[in-house]
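Enquirer: dropping a prediction and its sequence here:
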Number of protein chains: 2
Amino acid sequence: MTFKEESTASSLPAPAHQEPLVRTTQRQERVPNKKIIRDLGLKVTNQRLVILEVVREGKAHFTAQDVFETVTARNPEIGFATVYRFLRTLSEHSYVTEVRMGGMPARYEWAAKKHHDHLTCSTCSKIVEFENPEIERLQEKVAKEFGFSLTGHLLELYGVCPDCRRKSAP
Amino acid sequence: MTFKEESTASSLPAPAHQEPLVRTTQRQERVPNKKIIRDLGLKVTNQRLVILEVVREGKAHFTAQDVFETVTARNPEIGFATVYRFLRTLSEHSYVTEVRMGGMPARYEWAAKKHHDHLTCSTCSKIVEFENPEIERLQEKVAKEFGFSLTGHLLELYGVCPDCRRKSAP
DNA sequence: TATGAAATTGAAAGTCATTCGCAACTAGTT
DNA sequence: AACTAGTTGCGAATGACTTTCAATTTCATA
């Protein structure tokens, strides 16, 4: 079981702005943003680069609004339609995963990480990521039992986190 | 593992209209709609009675729009605000469960049945209900592991149903 | 069974996240 | 540099609810 906790701070940390310069000698640890855009068959525009930077370097879970605000802080010329459009494209091509729940805005996350599900605190909205192969296996089993070929799933657990339990029990 | 399949027919079957008369001798198999409304601390109005009948006797899964259409076919005077309002109240008091997914309208179902999750065909939208205690138990375990007290969960599996698999594989 | 305060209703207006239409604007090929 | 198809920002549109409010109805009490 792996996990990663995350605070609920409202703004995204400012990611480093520059793409690695061609001439630097620093190691290229990951796929460059330009390559991602080209691989999608899209033109490389400044807005898409900025959105990608924010998405990849900001906090793990974000809404389109989060991205829009961070992006416009850097370049006020970018409209939210562009943010929504590009996030949709990214999610259609599995670069980000999109979770839409309730009447709330969709939450996204960069998907280049291992699959996981979420445990959300219904009091403070803190999100804990977890991964449980056993549950995954059982899901496959259920699908098979009904003759379905499983293509995806949504598993979100809701509860009260340790901090909030402590606060509410004096 | 239990299950119940359901067709995707677009309209709700017309439920019998009358409340059991006081004088009939027929067995009272379930909580009367009037009692439900009173238990909620609400006034018994005709619109709430009609909505309850439709919800309890129509098909298992429905949207607010489904209910609104069936209800207005019976009594055109009922507005959709009333339907939405009452469905929300019912769901707040756990008489119906509400699942909101994607940008789609919320789906409801009468909750007086045993807990279950859903396996949905992403091609034809057929819904299969299933219940898997082992998965439930693992969810509790995950929550405990992170110190959360589990209050609820959402588990939806997506796949392609046997019918659709057959059709797509010639 | 009258009465009236409080709850409820329908219609219309308001929200809110997201999407669309389109003229102006670019990236990237030629 | 010119061309052209892909992109963009803006504002308007959409769709699913939600709220507002004046008119109506319920139901405890007289």
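Expert: Happy to help now that I have it.
Enquirer: ok, the strand ranked longest in chain A: who's next to it in the sheet?
Expert: Using DSSP state E to define each element, chain A has its longest strand at strand A:149-160. The strands that strand A:149-160 pairs with in its sheet are strand A:117-121 (parallel), strand B:149-160 (antiparallel) (by DSSP bridges).
Enquirer: ok, then the element right after that strand?
Expert: Downstream of strand A:149-160, the first helix or strand assigned by DSSP states H and E is helix A:162-168.
Enquirer: what does that next one contact?
Expert: For helix A:162-168, the surrounding residues in contact (C-beta atoms under 8 Å, 6 or more residues apart in numbering or on different chains) are A:121, A:123-124, A:126, A:160, B:146-149. For glycine as for every other residue, the C-beta is placed from the backbone atoms N, C-alpha and C.
Enquirer: buried sites along the longest strand of chain A?
Expert: Residues of strand A:149-160 classed as buried: A:150, A:153-160 (neighbour count, 16 or more other C-beta atoms under 10 Å in any protein chain shown).
Enquirer: pLDDT averaged over that strand - what is it?
Expert: Strand A:149-160 carries an average pLDDT of 88.
Enquirer: please list the residues of chain A that sit near chain B.
Expert: Counting by C-beta under 8 Å from any C-beta of the partner chain, chain A comes close to chain B at A:1, A:3, A:100-103, A:119, A:121-122, A:128, A:130, A:132, A:134-135, A:138-139, A:142-143, A:145-162, A:165.
Enquirer: now, which of the buried residues of strand A:149-160 sits nearest residue A:47?
Expert: residue A:154 (30.0 Å; C-beta to C-beta).
Enquirer: and that closest one, what does it touch?
Expert: A:99, B:101, B:154-156, B:158.
Enquirer: quick check: mean pLDDT across the helix or strand hosting residue A:50?
Expert: Counting by DSSP H and E, the element that carries residue A:50 is helix A:46-57. Averaging pLDDT along helix A:46-57 yields 96.
Enquirer: list the buried residues of it.
Expert: A:47-56.
Enquirer: count of neighbours near residue A:145?
Expert: 14 (other C-beta atoms under 10 Å in any protein chain shown).
Enquirer: my bad, residue A:137
Expert: 13.
Enquirer: equivalent analysis for the one 3 residues further on, please.
Expert: By other C-beta under 10 Å, 16 other residues sit near residue A:140.
Enquirer: hang on, isn't it packed against residue A:150?
Expert: Yes - Residue A:140 is within contact range of residue A:150, at 5.7 Å (criterion: C-beta atoms under 8 Å).
Enquirer: residue A:44 against residue A:32, yeah?
Expert: No - if you go by C-beta under 8 Å, residue A:44 and residue A:32 don't touch, sitting 10.3 Å apart.
Enquirer: next structured bit after the helix or strand bottoming out on mean pLDDT in chain A?
Expert: Taking mean pLDDT, DSSP states H and E as the measure, chain A has strand A:3-6 as its least confident helix or strand, at a mean of 46. Once the chain leaves strand A:3-6, the next helix or strand it forms, by DSSP H and E, is helix A:33-39.
Enquirer: for the contacts of helix A:162-168, give me a markdown table that also has distance to residue B:79.
Expert: Shown next, in a markdown table, are the contacts of helix A:162-168 (distance: C-beta to C-beta, whole Å):
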| residue | distance to residue B:79 |
| --- | --- |
| A:121 | 37 |
| A:123 | 35 |
| A:124 | 37 |
| A:126 | 39 |
| A:160 | 37 |
| B:146 | 45 |
| B:147 | 46 |
| B:148 | 41 |
| B:149 | 40 |
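Enquirer: now the buried members of those.
Expert: A:121, A:126, A:160, B:146, B:148.
Enquirer: isn't the first one up against residue A:157?
Expert: No - with contact defined as C-beta under 8 Å, residue A:121 and residue A:157 do not form a contacting pair (10.1 Å).
Enquirer: about what we covered before: dump the strands paired with strand A:149-160 to TSV, plus distance to residue A:111.
Expert: Formatted as TSV, the strands paired with strand A:149-160 follow (distance: least, C-beta to C-beta, whole Å):
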stretch	distance to residue A:111
strand A:117-121	13
strand B:149-160	16
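Enquirer: for stretch A:86-101, which positions count as buried?
Expert: Across stretch A:86-101, burial judged by 16+ other C-beta under 10 Å covers A:86-87, A:89-91, A:95-101.
Enquirer: how is chain A divided into domains?
Expert: A:1-113, A:115-170 (automatic domain parsing).
Enquirer: got the residues of chain A near DNA strand D?
Expert: Within reach of DNA strand D by C-beta under 7 Å from any atom of the strand, chain A has these residues: A:41-43, A:45, A:47-48, A:77-79, A:81-82, A:85-86, A:103.
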